[in-house]
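Student: Just a sequence and a predicted model for now, questions to come.
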Amino acid sequence: MEMAPAPVSANPRTVEDIFKDFSGRRAGLVRALTSGINCFPRLASLAVAAPQKENLCLYGLPNGTWDVAPPAEEVPPEMPEPALGINFARDGMQRRDWLSLVAVHSDSWLLSVAFFFGARLNANDRKRLFAMINDLPSVFEAFADRKHGRDRSGVDSSGKSRHSSKRGSDGHAKKSRAPPPPEEYDDDEDEDHNETFCGTCGGLYNANEFWIGCDICERWFHGKCV
């Protein structure tokens, strides 16, 4: 989890840059609702119990991380803000229903941010951007499929398997061995819901793909990403 998002200094302007920003924010939100499934609800619950009872938002960040923080103080904000007060909706709802609601609001926010950045695109570029976005599963779809043990993280599985060890950019050897299988989803809040994500692109583990584990940083990577 990262600190609260800093003000945007240089907004993406091309279709490719806007899609890259969208993909990073989406990966962070998927991670919050899957591999961060213990940390995220506890942060929201603690906020409700706090004396100030701040309204909080779930942010997906362009670098693929996420944060729970108060909304921007600027009025109007520099860019669209996520749904406000997700921590208060936590009370009185089933955990799964609450997470599903957050996922739906997150999808709405991602689209609003993407087309906020794409406001100056022409009609053809807007269509192309929407088509690229629509090729990825929504946050809600990724969360729902995670509950049922399916992988719809949006990671391209066309990479060919390579059976030799690779050397990462830091010079350390990465061994090609199968990463641990994802754990089954359980509604028990005390159970650890760990998930395996690629350390480069943030894609969810798929048993049909070739993965490489780094003995130095103890992280896993798609073979095609190293």
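Tutor: Perfect, I can see it now. Numbers count the residues shown, from 1 in each chain.
Student: hey, let's count contacts and neighbours off CA atoms from now on
Tutor: Noted.
Student: Next, give phi and psi for H222.
Tutor: Its backbone dihedrals place H222 at phi -60, psi 140, with angles given as degrees, to the nearest 10.
Student: Wait, it touches W211, no?
Tutor: Yes - between H222 and W211 a contact is recorded at 4.6 Å, counting by C-alpha atoms under 8 Å.
Student: List the buried residues of the helix or strand containing R31.
Tutor: For R31, the element it lies in under DSSP states H and E is helix 15-33. Applying a neighbour-count criterion of 16 or more other C-alpha atoms under 10 Å, the buried positions in helix 15-33 are 15, 18-33.
Student: who's in contact with the lengthiest helix in the chain?
Tutor: Once the chain is assigned using DSSP state H, the helix that runs over the most residues is helix 95-117. Residues lying outside helix 95-117 but in contact with it, judged by C-alpha atoms under 8 Å, 6 or more residues apart in numbering, are 11-13, 18-19, 21-22, 25-26, 29, 33, 58, 79-83, 86, 89-90, 138-140, 143-144, 187.
Student: Now with 7 Å, please.
Tutor: With contacts defined as C-alpha atoms under 7 Å, 6 or more residues apart in numbering, helix 95-117 is touched by 11-13, 18, 22, 33, 79-80, 82-83, 90, 138-140.
Student: Could you export it as CSV, CA atoms only?
Tutor: As requested, the backbone C-alpha atoms of helix 95-117 are provided in CSV (Å, rounded to 0.1, in the frame of the first residue of the first chain):
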residue,chain,number,x,y,z
ARG,A,95,-18.5,-8.5,3.5
ARG,A,96,-18.8,-10.0,0.0
ASP,A,97,-21.6,-7.6,-0.9
TRP,A,98,-19.6,-4.6,0.4
LEU,A,99,-16.5,-5.6,-1.6
SER,A,100,-18.7,-6.1,-4.7
LEU,A,101,-20.1,-2.6,-4.3
VAL,A,102,-16.7,-1.1,-3.9
ALA,A,103,-15.6,-3.0,-7.1
VAL,A,104,-18.5,-1.6,-9.1
HIS,A,105,-17.8,2.0,-7.9
SER,A,106,-14.1,1.4,-8.7
ASP,A,107,-15.0,0.5,-12.3
SER,A,108,-17.1,3.7,-12.7
TRP,A,109,-14.2,5.8,-11.3
LEU,A,110,-11.6,4.2,-13.7
LEU,A,111,-13.8,5.0,-16.7
SER,A,112,-14.4,8.6,-15.5
VAL,A,113,-10.6,9.2,-15.0
ALA,A,114,-9.7,7.6,-18.4
PHE,A,115,-12.2,9.8,-20.3
PHE,A,116,-11.3,12.8,-18.2
PHE,A,117,-7.7,12.5,-19.6
